[in-house]
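Undergrad: I'll drop the sequence and a predicted model, then ask my questions.
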Amino acid sequence: MTERGRLLVVEDEPDIRELLCASLRFAGFVVSSAATGSEALDAARTGAPDLVLLDVMLPDRDGFEVVRRLRSLGVRVPVLYLTARDGADDRVTGLTIGGDGYITKPFSLEEVIARVTAVLRRTRPGASELLTCGDLSLDVESHVVRRGSRAVELSPTEFRLLHCLMRNSGRVLSKAQILDQVWPHDFDGDVGVVESYISYLRRKVDGTEPRLIRTVRGIGYMIRP
């Protein structure tokens with residue numbers, strides 16, 4: 001898989017930080033991490049990331065202070081805030097001082113990947129806008145899905161599931177991997193929901209030949225022409 005960009009993940013909770021880093025690496029990004037605001041400032045200045053995923057609530061200084069400091073030093077790296085605080089005042093503050101968007105906790109990993117991809121597409125020349133598999137296409141930014149000339153209407157969860165499969169075209173994903181990537185990290189259901197949504201997706205996407213979504217018995221699912 002080709003490198004999709006260099007990311008810095010700043011999160012003080014080890015479980016969330018490790019989950020984000022592992023999932024983003026799996027998606028093809030080069031990922032480094034930091035647990036404090038001070039570490040984030042050093043890593044952003046020396047590591048030249050293409051984007052920073054920044055928790056607002058850090059133990060030594062908050063994410064807003066980190067962004068203010070980066071901008072005062074002339075570091076213009078795009079920043080997406082990770083936060084459980086979704087009040088209008090916080091959003092206005094974060095965007096005004098130089099942030100590029102918010103991802104509210106709890107989040108799905110597919111949402112994180114989609115938001116990161118959208119920001120990188122705006123800020124990095126040559127970033128891919130369209131995923132394809134045979135005559136199936138998915139536009140990450142506009143959420144438009146087509147099978148040949150036919151538009152395919154998907155629910156948000158179906159879209160995230162198809163995006164996950166198409167990002168990993170030709171690769172078999174287990175139900176557990178799909179659950180981790182598509183559903184929020186605090187989802188308390190079981191992997192059976194994956195099978196249900198694969199069935200929904202097949203009805204909408206695979207109504208014509210060739211069938212693209214495949215079951216690999218005993219392992220999971222994949223998509224390929």
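TA: Yep, it's here.
Undergrad: in the protein, which spans are strands?
TA: All strands of the chain, identified by DSSP state E, fall at 6-10, 30-34, 51-55, 79-83, 101-104, 130-133, 136-139, 144-147, 150-152, 173-174, 213-216, 220-223.
Undergrad: quick one: contacts for the closest residue to residue 167 other than its chain neighbours?
TA: Residue nearest to residue 167 in three dimensions, not counting chain neighbours: residue 27, with 6.1 Å by CB to CB, 6 or more residues apart in numbering. (Glycine included, C-beta is placed from N, CA and C.) Each residue near residue 27 by CB atoms under 8 Å, 6 or more residues apart in numbering is listed here: 4, 113, 167.
Undergrad: and the helix or strand bottoming out on mean pLDDT in the chain, which residues are buried?
TA: Lowest by mean pLDDT, DSSP states H and E among the helices and strands of the chain is helix 88-96, with a mean of 77. Residues of helix 88-96 classed as buried: 90, 91, 94 (neighbour count, 16 or more other CB atoms under 10 Å).
Undergrad: again with stretch 113-122
TA: Buried residues in stretch 113-122, defined by neighbour count with 16+ other CB under 10 Å: 113, 114, 115, 116, 117, 118, 119, 120, 121.
Undergrad: what does stretch 26-38 give?
TA: Across stretch 26-38, burial judged by 16+ other CB under 10 Å covers 26, 27, 29, 31, 33, 34, 35, 36, 37.
Undergrad: Then stretch 45-65?
TA: Using 16+ other CB under 10 Å as the test for burial, stretch 45-65 gives 49, 50, 51, 52, 53, 54, 55, 56, 58, 62, 63, 64.
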